[in-house]
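Enquirer: generate coordinates for the sequence data below:
(2 chains)
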Amino acid sequence: MQKKVFLGIDVGSVTTKCALMSEDIELIAHRYIPTSGKPIIQIQKLMREISSEIPSDCEIGGAGTTGSARYLAGEIIGADVIKNEITAHAVAATHFYPDVRTILEIGGQDSKIIIIRDAVVTDFGMNTVCAAGTGSFLDHQALRLGISINEFASEAMKSKNPVRIAGRCTVFAESDMIHKQQMGHSTPDILYGLCQALVRNYINNVGLGKSIEKPIIFQGGVAFNQAIVRAFEEELATEIMVPEHHEVMGAIGAAIIAMENYNATGKKTHFNGFSISDISYETSTFTCNGCPNQCEIAQLKLGEKVLARWGGRCEKWEYISNISESPEGAVVTG
Amino acid sequence: MRITFPHIGNAYIAIKAMLDPLGVDYVVPPKCNKRTLSLATKYSPEGVCIPFKLNLGNMIEAVELGADHIMNVTGHGTCRMGYYFKVQEQILRDMGYDVTMMLTGLSEHKLKGFLNLLRSVSNNAPWSKIISSFAFGIAKMTALDDMEILANNMRAFEIHKGTITPLYRKSLQAIDDASDYHSLKAVVREYGEEMSGVEVIPDYKPLKILVVGEIYVVLDPFANMDVEMELGKLGVVTNRSLYLSRWVKKGLFFNPLGIDQWRDVHKAAMPYLKRDIGGDGWETVGEKVISTGHYDGMVHLAPFTCMPEGTAQCIMPSTKEDLPVLAIYCDEQTSKAGMITRLEAFTDMIAMKKAGCLSQ
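Expert: Okay, here's the model as predicted:
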């Protein structure tokens, strides 16, 4: 009998991640590429790359998706489980660190905190009305200063006297940074000041009212940035652990959940196979004129067959079995 | 004189039932939609809460349909919502619309004030007619709430996803169409049986979540992005502390008689909050205390910038009663995708807590 391996895909706003796990929950292979605003093409690219990594005596036993494009990704690869990012991150973290009590996670567009007690999520928080302090903002600032995001960390680590930056809001943070730069402060001091501001903002916003206790692990793409790690350690006055594969923890979590699902149900996977890399999917949107709300419905098609529709307030388009193939009376816009 | 009134959930069906027999010339604003929201945000002060904005949007859209008199209730509670009409009136005037507000202060004039308001919009119809149409409206309101309670209870159990919601929507239309008590009763019975009779998942034990918070966002599915329907799709049974018929009966009948329907809830809140802080903040805290043990979790809905609910939210983590609470702020900036992620994570979390481990 062939051994099973499990696939997890995490399609975030900025990066697309993929992890391949063995039955013994060992990471066989992983990938981390930018989403570049083209989730379908990037998922197909990942699948092409990861297919060559599957050991010859193994087959896919199950697949899971997570991230903000989890439904789209799930539809394309034929996922057995589709899970939100919080659960996926928590599952992966408790696998590698069974006694973890706090997970800090900062991604491209959002940041989360997950509180875990006795290996169970007891509380969580996500940034609500503000994206200050996420990966995209750091990228943007690095670009503005003409340095790469890798240099960002090493530059910031050189800081001797970090300046105080207003980190409440990215707009204010940026204008404050420019102000400090025009006053003649050194780039490392400004960069590390920014790191401290982002950490402060995270603790006061996402972490508000949460009891942040040791052991603390830091996941997500921003954990690459050593300066942010140091700023967290200084702010919380404790050690922060960064998992080796912190950037693909969501994908690892999705793969583990797919495995747990397989072990619990024993059902054959719905996985569509790696041939999906060569299929051309069509996405389009139309406006439903069924009521004054005029919902914008997005649909995913393979040839003439509608695979999925999203975006309506009511169930009119959502359940494919309920509906006729063409959206009657609707204006197709693309 | 053409009357209109702003929306709150399905209340328009009950208000129609009150106005129809009185021969009032009225127009119901289009149900809240994206255009309402765009108009609302364009003409409202930015930091004001979503109930103000959507109500203003309703008024603008109704005025476009020829309305010149706006019926509304006010109050002198601790929440600023009771005073909103004055600002809305000014904004409408600044926009060049000559509107007249027809108001009654619920806090001071109570039931009598509301009946007087009905009388003034109906060009002094006889009292017997006013009272009978008011009573029929209240009956419809109760029927609407019964249907909603049933739908939110059954949605989690349906085998064929997307069965209950269309039935529920049809029942609203049927209640709206019912012209007398007899047909109203028949509608409630017919749809009640149909919804209770859908094919259900055998032996299914759903999570139970209580939805609490500020009345407008709790009652209005557009403002709260259909939170109860989304929870139902995740297989969760929802209930809430606030239903329009109960709230109206409180404001019009029980409060004037000195009966505190929420006495237990207020008593439960006492160790943490000793007084009314406006809106529904006091009740929110009390509901958390009183529901611990009866529900698996609580979803707390609050308009962004709402002072009472914000205060309640800060108090809740410190209660010794340990009910998981998910706070959702409703605003024109809130994205539905973000809310669904949170709801999924929240239901996963309480399911895991119940099971005692991470795997489900």
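Enquirer: so where's chain A shaky on pLDDT?
Expert: A:1, A:128-133, A:167, A:320-334 (pLDDT under 70).
Enquirer: in it, which spans are helices?
Expert: A:39-51, A:70-77, A:85-96, A:135-144, A:149-157, A:170-183, A:187-205, A:226-236, A:249-265 (DSSP state H).
Enquirer: now do the longest one: which elements does it pack against?
Expert: What it means is helix A:187-205. helix A:135-144, helix A:149-157, helix A:170-183, helix A:226-236 (3 or more CB pairs under 8 Å, 6 or more residues apart in numbering or on different chains; DSSP states H and E). Every residue, glycine included, has its C-beta placed from N, CA and C.
Enquirer: so what touches the first one?
Expert: Applying CB atoms under 8 Å, 6 or more residues apart in numbering or on different chains, the contact partners of helix A:135-144 are A:13-14, A:106-109, A:131, A:148-149, A:151-152, A:170, A:173-174, A:177, A:191, A:194, A:198, A:220-222, A:225, A:228.
Enquirer: residues in contact with the nearest residue to A:Glu234 once chain neighbours are set aside?
Expert: In space, not counting the residues next to it along the chain, A:Glu234 is nearest to A:Gln196; the distance is 7.6 Å by CB to CB, 6 or more residues apart in numbering or on different chains. Going by CB under 8 Å, 6+ apart, A:Gln196 touches A:162, A:164-165, A:167, A:231, A:234-235.
Enquirer: who in chain B is up against chain A?
Expert: Counting by CB under 8 Å from any CB of the partner chain, chain B comes close to chain A at B:30-31, B:33-35, B:161-162, B:165-166, B:169, B:222, B:226, B:304, B:314, B:317, B:324, B:329, B:331, B:333, B:337-338, B:341-342, B:344-346, B:348-349, B:352-353, B:356-360.
Enquirer: any chance of a PyMOL selection covering the buried ones in those residues?
Expert: Burial among the residues of chain B next to chain A is assessed by 16 or more other CB atoms under 10 Å in any protein chain shown; the matching PyMOL selection reads:
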select buried, chain B and resi 30+31+33+161+162+165+222+226+304+324+329+331+338+341+342+344+345+346+348+349+352+353+358
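Enquirer: how close does the closest residue to A:Met241 other than its chain neighbours get to A:Ser36?
Expert: Closest residue to A:Met241 apart from its sequence neighbours, by CB to CB, 6+ apart: A:Ile217 at 4.7 Å. Taking CB to CB, to the nearest Å as the measure, A:Ile217 falls 28 Å from A:Ser36.
Enquirer: just B:Thr142 next, same as before
Expert: The spacing between B:Thr142 and A:Ser36, counted by CB to CB, is 54 Å.
Enquirer: can you check the pLDDT for the closest residue to chain A within the stretch 101-250 of chain B?
Expert: Nearest residue of the stretch 101-250 of chain B to chain A, counting by CB to the nearest CB: B:Gly162, 4.1 Å away. According to the prediction, B:Gly162 has pLDDT 87.
Enquirer: what of B:Ile13?
Expert: At B:Ile13, the model reports a pLDDT of 96.
Enquirer: report how many residues lie close to it.
Expert: 20 (other CB atoms under 10 Å in any protein chain shown).
Enquirer: does the residue nearest to it when sequence neighbours are not counted count as helix, strand or coil?
Expert: Excluding the flanking residues, the one nearest B:Ile13 by CB to CB, 6+ apart is B:Asp176, at 4.7 Å. Recorded secondary structure, B:Asp176: helix (DSSP: H, G, I helix; E, B strand; the rest coil).
Enquirer: and for B:Asp176, the neighbour number?
Expert: B:Asp176: 16 surrounding residues under other CB under 10 Å.
Enquirer: for B:Pro166, which non-adjacent residue is spatially closest?
Expert: A:Glu315 (6.5 Å).
Enquirer: try B:Asp348
Expert: Distances taken as CB to CB, 6+ apart put A:Thr87 closest to B:Asp348, at 4.4 Å, once the chain neighbours are dropped.
Enquirer: and that neighbour, what does it touch?
Expert: So A:Thr87 contacts A:66, A:121, A:253, A:257, B:344-345, B:348-349 (CB under 8 Å, 6+ apart).
Enquirer: before we move on, what about B:Ala186?
Expert: By CB under 8 Å, 6+ apart, B:Ala186 lies in contact with B:Ala178.
Enquirer: wait, what's in contact with the residue sitting nearest the centre point of chain B?
Expert: In chain B, the centroid-proximal residue (CA atoms, centre = their mean) is B:Leu219; its distance is 1.6 Å. Counting by CB under 8 Å, 6+ apart, B:Leu219 touches B:8-9, B:11, B:242-244.
Enquirer: what's the spacing between the closest residue to it other than its chain neighbours and chain A?
Expert: Take B:Leu219 and drop its neighbours on the chain: the residue closest to it by CB to CB, 6+ apart is B:Gly9, 3.7 Å away. Counting by CB to the nearest CB, to the nearest Å, the gap from B:Gly9 to chain A is 15 Å.
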